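Engineer: Give me coordinates for this.
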Amino acid sequence: GTLAQLAELEQPDAWLRVYVREQPRAGLREEVQELLPRALEIRIDPELVPAPGSGARIAQRSGRSPRELFGDYLSSRGHADDGVQELFDELLEEVDH
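Structural biologist: Next up is the predicted model:
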């Protein structure tokens, strides 16, 4: 369910596999684990993630920067989170220097 739906759940005694009905974003896993500490596996509901090759343009690699390629990857996976792109940029800058 959504984070709001998960927050309303009674805390089960079992270990959990959770499918979240939210768009992927940085910190989502931590939010779910805060709500459900017994969640061992946390995934985005497959209905919210585009299937590979589902009309997404295949990016040409030649002449493109790692930042552009990573941005295309995020878009193809339905992961439009600027925070993740910023973290990638920071890591890339560390590696380049």
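
Engineer: Spatially nearest residue to Arg17 (excluding sequence neighbours)?
Structural biologist: Leaving out its chain neighbours, the residue that sits closest to Arg17 by C-beta to C-beta, 6 or more residues apart in numbering is Glu41, at 4.3 Å. (Each C-beta comes from the backbone N, C-alpha and C, glycine too.)

Engineer: hang on, the one you found packs against Arg29?
Structural biologist: No - here Glu41 does not reach Arg29: they are 10.2 Å apart, not a contact under C-beta atoms under 8 Å.

Engineer: Neighbour count for those two, which is higher?
Structural biologist: Between Glu41 and Arg29, counting by other C-beta atoms under 10 Å, Arg29 is the more crowded of the two (16 against 9).

Engineer: about what we covered before: angles on the backbone of the residue nearest to Arg17, please.
Structural biologist: phi -130, psi 130 (degrees, to the nearest 10).

Engineer: Show me where the chain has its strands.
Structural biologist: Using DSSP state E, the strands of the chain run over residues 16-20, 39-44.

Engineer: Need the ones you listed in JSON lines (columns: distance to Asp81 and mean pLDDT).
Structural biologist: JSON lines is the format used below for those (distance: least, C-beta to C-beta, whole Å; pLDDT from 0 to 100):
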{"stretch": "strand 16-20", "distance to Asp81": "14", "mean pLDDT": "93"}
{"stretch": "strand 39-44", "distance to Asp81": "12", "mean pLDDT": "90"}
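
Engineer: any chance of those strands in CSV, plus distance to Gln5?
Structural biologist: Listed next are the strands of the chain as CSV, based on distance: least, C-beta to C-beta, whole Å:
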stretch, distance to Gln5
strand 16-20, 9
strand 39-44, 14
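
Engineer: Relative to Arg67, which of those strands is closest?
Structural biologist: strand 39-44 (23.3 Å; C-beta to C-beta).
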